[in-house]
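In: Please work out how this folds:
(one chain, ligands or ions: 1)
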Amino acid sequence: MKIKIAILPGDGIGPEVVKQAIKVIKTIEKKYGHNIELLEGIVGGEAIDKYGEPLPDETWKLCEESDAILLGAVGGPKWDNLPGEKRPEKALLKLRGGFNLFANIRPIKVFEKLSFSSTIKPEVLKGVDFVIVRELTGGLYFGKPKEIRVENGEEIAIDTMTYKASEIRRIAHVAFKMAQKRNKKVTSVDKANILECSRLWRKVVDEVSKEYKDVNLEHMYVDNCAMQIVRNPKQFDVILTENTFGDILSDEAAVITGSIGMLPSASLGEGTKGLYEPIHGTAPDIAGKNIANPLATILSVAMMFRYSFDLEKEAKDIENAVDKVIDMGYFTQDLFTGNPYAKQLVGTEEMGDLVCKVIEGGA
Ligand code: NAD
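Out: Numbering: from 1, shown residues only. Presented below is the predicted three-dimensional model:
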């Protein structure tokens with residue numbers, strides 16, 4: 001298969017983890033005889049320094065030409081004081097909005113041997129396997145007006161949360177379809193006791209659910225959901241939620257997997273082009289030290305093979321290799337401490353090499 005992938009490493013640990021993902025892509029290319037072209041682009045803080053903007057035209061064009069986009073992470077203290085439009089994170093919003101990637105899929109799966117790396121009791125985590133389906137192009141992050149202005153001599157900040165019924169409907173369909181292939185349960189998360197957006201959300205989700213008689217639907221307030229995720233995460237199959245709630249809940253869910261360095265994501269639209277990225281940020285505290293966990297980015301590549309290229313066997317091969325490396329007790333620093341299954345502490349590069357070796361059949 002002929003494939004073009006835009007590679008946007010970004011800032012902080014982005015380039016380190018993306019480098020490992022590239023090794024995995026090349027290993028898969030060789031093993032399965034695909035023809036994969038990698039087009040590297042500049043994004044985030046690095047792009048601001050060089051071109052004065054977080055997503056230069058060149059990078060946008062390269063993403064347009066590609067079948068899928070792999071992104072590391074963007075941002076860092078150096079760019080924290082820039083105005084909203086010029087911040088590194090704006091690149092993410094432009095990519096998501098520009099390609100209409102409205103569905104963010106975040107699988108939360110507990111690798112049994114990593115349950116001891118979490119701060120939550122292992123018995124609470126055993127067998128946890130759910131997916132967060134987060135709406136990605138609406139709500140607070142995109143609503144207008146969005147500004148800081150002066151009124152009566154005082155600064156006032158305004159963010160606007162809006163949702164159209166059509167935006168809710170299309171993401172609800174994604175969640176119900178996903179649940180049909182899993183354990184047939186959707187938990188729709190909102191704040192319908194307070195927010196108008198949530199009241200519309202609940203109404204539309206109820207309507208959509210009538211088309212999926214085989215899927216059980218429950219509604220849950222976001223504050224309760226935040227508690228339930230750490231209290232009894234096994235109850236969830238597919239969590240469906242809006243942009244801001246999904247952003248926060250998925251970071252919380254990272255605790256379940258033992259480290260934020262384990263969580264991949266896919267952002268999808270109507271077509272097959274998708275944006276794949278780990279859910280973590282640029283981790284400035286550990287950047288450049290070869291200690292970042294690259295598995296979230298590697299698992300994002302597996303999602304890319306599954307969702308953008310419809311290559312399930314290749315996706316499974318990557319996921320099985322990650323399983324095996326963990327099973328053998330090779331852990332990066334974020335997972336190592338306090339875990340009785342940890343046998344060998346490995347760095348970012350070594351972890352990437354191990355996954356490739358297993359894919360090649362050499363481990
Ligand atoms: P972060 O995810 O970068 O880091 C949070 C904590 O998790 C840190 O202690 C970090 O060391 C650790 N961590 C993160 N990824 C890890 C990995 N792969 N392996 C091991 N440990 C890991 O979040 P933050 O500190 O809130 O944000 C840092 C910067 O990243 C900010 O500028 C923020 O805006 C940006 N950010 C970008 C994205 C993105 O590009 N998608 C997402 C979140 C944050």
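In: Output the set of residues of the stretch 51-200 of the chain in proximity to the ligand.
Out: 73-76, 89, 92 (Cβ under 6 Å from any ligand atom). To be clear about C-beta, it is placed using only N, CA and C from the backbone, and glycine gets the same treatment.
In: Go through these and flag which are in strands.
Out: Among those, the residues falling in strands (DSSP state E) are residue 73.
In: which of the residues of the stretch 51-200 of the chain next to the ligand tops the neighbour count?
Out: residue 73 (31 neighbours; other Cβ atoms under 10 Å).
In: which residues sit against the helix or strand hosting residue 95?
Out: Residue 95 is part of helix 89-98, with elements assigned from DSSP states H and E. With contacts defined as Cβ atoms under 8 Å, 6 or more residues apart in numbering, helix 89-98 is touched by 43-44, 47, 54-55, 59-60, 63, 69, 71, 74-75, 84, 101-102, 136-137, 141-142, 267, 275.
In: from those, which ones fall inside helices?
Out: 47, 59-60, 63 (DSSP state H).
In: which one among those gets closest to residue 280?
Out: residue 47 (19.7 Å; Cβ to Cβ).
In: Touching, that closest one and residue 59? I think so.
Out: Yes. Under the criterion of Cβ atoms under 8 Å, residue 47 makes contact with residue 59 at 6.8 Å.
In: now the nearest residue to residue 333 once chain neighbours are set aside: how far from the ligand?
Out: Of all residues beyond its chain neighbours, the one nearest residue 333 is residue 291 (4.6 Å), with distances taken as Cβ to Cβ, 6 or more residues apart in numbering. Remark: distance between residue 291 and the ligand (Cβ to the nearest ligand atom, to the nearest Å) = 7 Å.
In: again with residue 153
Out: From residue 153 to the ligand the distance is 31 Å (Cβ to the nearest ligand atom).
In: Which of the residues of the stretch 51-200 of the chain next to the ligand sits closest to residue 234?
Out: residue 73 (29.7 Å).
In: what's the burial count for residue 81?
Out: Residue 81, neighbours per other Cβ under 10 Å, totals 7.
In: Could you pull up the residues touching the residue of the chain at minimum distance from the ligand?
Out: Residue of the chain nearest the ligand, by Cβ to the nearest ligand atom: residue 281 (2.4 Å). With contacts defined as Cβ under 8 Å, 6+ apart, the neighbours of residue 281 are 12, 73, 75.
In: shaky segments in the chain?
Out: Scanning the chain for pLDDT under 70 picks out the ranges 362-363.
In: Swap in 80 and give it another go.
Out: 84-85, 362-363 (pLDDT under 80).
In: looking at it, residue 340 is touching residue 116, isn't it?
Out: Yes. Under the criterion of Cβ under 8 Å, residue 340 makes contact with residue 116 at 5.9 Å.
In: Tell me where the stretch 101-250 of the chain has helices.
Out: Secondary structure of the stretch 101-250 of the chain (DSSP state H, counting those that start in this stretch): helices located at 122-125, 165-180, 196-209, 222-231, 243-254.
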